[in-house]
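Undergrad: predicted model and sequence below, questions to follow.
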Amino acid sequence: MNKPKIASDWMAGCSGCHMSLLDMDEHLLELASMVDFRATPITDLKEPDADGVEVGILEGGINNSSNEEVAHRMRSRCKVLVALGDCAVFGGVPALRNICGAHEALVRAYIDAESNEPDGKIPDDPELAVMSSVRALHEVVPVDVFVPGCPPDPDIIAYVLNELAQGRIPEVKEERLHWN
């Protein structure tokens with residue numbers, strides 16, 4: 001039996017969900033014998049193989065055309081797409097800026113925040129993403145499995161990946177979810 005290939009990527013968010021993937025500890029070792037990790041924080045490969053993957057995992061909300069490209073590319077390369085974490089599932093914390101707008105969010109973060117220097121200003125940095133409203137992954141591409149949490153519990157991630165490795169589409173029922 002061929003091992004299913006798994007690839008992951010992240011968009012607008014903090015990458016904490018990928019850290020939960022690494023926090024699976026002994027589950028990760030068990031899973032490693034059942035799957036072929038491609039582009040993940042485990043392998044540090046940046047791009048899935050051109051021949052496709054069975055399972056794609058995307059973390060983060062979508063707030064620009066680059067994020068949209070990542071979502072479309074991953075969806076086109078995999079049979080099952082997993083939305084990992086609150087940002088991918090419903091926009092999460094980054095979507096809070098939808099309420100006030102991108103410019104106001106930058107003003108609040110860089111100028112009005114008490115922790116900033118008195119002469120704070122919005123950085124003129126090309127690496128700072130051009131912010132627009134944040135959308136959940138399923139608003140851009142079809143999603144097969146939703147794994148909420150900020151970040152999701154590593155045991156839930158392990159359960160989902162084990163089910164997918166066995167060729168089953170998992171159901172993440174409410175009783176399985178735990179928030180701290």
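TA: Good, I have the coordinates. Model, not experiment: these values are computed from the prediction. Residues are numbered from 1 along each chain as shown.
Undergrad: can we go C-alpha only for contacts and neighbour counts from here?
TA: Fine.
Undergrad: Ala158 belongs to a strand?
TA: No: assignment of Ala158 by DSSP: H, G, I helix; E, B strand; the rest coil gives helix, placing it outside any strand.
Undergrad: next up, the contacts around Pro142.
TA: Taking C-alpha atoms under 8 Å, 6 or more residues apart in numbering, we find Pro142 in contact with Arg75, Leu81.
Undergrad: what packs against the helix or strand containing Asn67?
TA: When elements are assigned from DSSP states H and E, Asn67 belongs to helix 65-77. Helices and strands touching helix 65-77, as assessed by 3 or more C-alpha pairs under 8 Å, 6 or more residues apart in numbering; DSSP states H and E, comprise strand 53-59.
Undergrad: report all helices and strands that the strand it packs on contacts.
TA: Checking 3+ C-alpha pairs under 8 Å, 6+ apart, strand 53-59 ends up next to strand 5-10, helix 65-77, strand 78-84, helix 86-90.
Undergrad: where do the helices sit along this structure?
TA: Using DSSP state H, the helices of the chain run over residues 16-22, 26-32, 65-77, 86-90, 97-100, 102-107, 154-165.
Undergrad: for the chain, which residues score under the pLDDT cut-off?
TA: For the chain, applying pLDDT under 70 flags the ranges 1, 13-16, 18-25, 39-51, 93-99, 101-102, 115-119, 125-132, 174-180.
Undergrad: apply 50 and report the result again.
TA: Low-confidence segments of the chain (pLDDT under 50): 50, 180.
Undergrad: for burial, what's the neighbour tally of His72?
TA: Neighbourhood size, His72 [other C-alpha atoms under 10 Å]: 15.
Undergrad: returning to that earlier point: which positions within the helix holding Asn67 qualify as buried?
TA: Asn67, Glu68, Val70, Ala71, Met74, Arg75, Arg77 (16 or more other C-alpha atoms under 10 Å).
Undergrad: repeat that for stretch 154-168.
TA: Using 16+ other C-alpha under 10 Å as the test for burial, stretch 154-168 gives Pro154, Asp155, Ile156, Ile157, Ala158, Tyr159, Val160, Leu161, Asn162, Leu164, Ala165.
Undergrad: need these in CSV (columns: distance to Val143).
TA: Shown next, in CSV, are the buried residues of stretch 154-168 (distance: C-alpha to C-alpha, whole Å):
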residue, distance to Val143
Pro154, 20
Asp155, 21
Ile156, 17
Ile157, 16
Ala158, 19
Tyr159, 18
Val160, 14
Leu161, 15
Asn162, 18
Leu164, 14
Ala165, 17
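Undergrad: still on that earlier bit, for Glu59, which of the helices of the chain is the nearest?
TA: Smallest distance to Glu59 across the helices of the chain (C-alpha to C-alpha): 5.4 Å, for helix 86-90.
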